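Chemist: The sequence and its predicted three-dimensional model are supplied below.
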Amino acid sequence: MDDNVPDPEPNTEDLAVLRQRADLVTGAVQRLPEAFRRAVALRYYLELPATEIALVEGVAAGTVRWRLHEALRKLWVMLQPSLGKEDGQ
């Protein structure tokens, strides 16, 4: 067995960092306007395609794609100051 192979299981510190990041993302998603928040939840949590989200929301698929685009842009603006500092950015 090669001693240089990293352990595939995250350690306690890694789990804490992952939890902190998850909390930051969840908080940012909660601050989105309601229509964007619903689109993000349906797409990324329930893994529905834009066409199905459009049916649920009663809007065109293009509107759903725009909402997702805007939501991700807003999330980037909110999260970049916190998460962008990691990795030397």
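Modeler: Yep, that arrived. Numbering: from 1, shown residues only.
Chemist: Only C-alpha atoms from now on, for both contacts and neighbour counts.
Modeler: Will do.
Chemist: Excluding covalently adjacent residues, which one is nearest to the spatially most central residue of the chain?
Modeler: For the chain, the residue nearest the mean C-alpha position is Val25 (6.0 Å; CA atoms, centre = their mean). Leaving out its chain neighbours, the residue that sits closest to Val25 by CA to CA, 6 or more residues apart in numbering is Leu79, at 7.2 Å.
Chemist: which strands and helices sit next to whichever strand or helix holds that neighbour?
Modeler: Assigned by DSSP states H and E, Leu79 belongs to helix 61-83. Judged by 3 or more CA pairs under 8 Å, 6 or more residues apart in numbering; DSSP states H and E, helix 61-83 is in contact with helix 12-30, helix 34-40, helix 50-57.
Chemist: winner for burial among these?
Modeler: helix 34-40 (a mean of 19; mean count of other CA atoms under 10 Å).
Chemist: C-alpha coordinates for that one, CSV please?
Modeler: The C-alpha trace of helix 34-40 is given here as CSV (Å, rounded to 0.1, in the frame of the first residue of the first chain):
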residue,chain,number,x,y,z
GLU,A,34,-38.7,34.2,-3.2
ALA,A,35,-39.0,33.4,-6.9
PHE,A,36,-35.2,32.9,-7.2
ARG,A,37,-35.1,30.9,-4.0
ARG,A,38,-37.8,28.5,-5.3
ALA,A,39,-36.1,28.1,-8.6
VAL,A,40,-32.8,27.2,-6.8
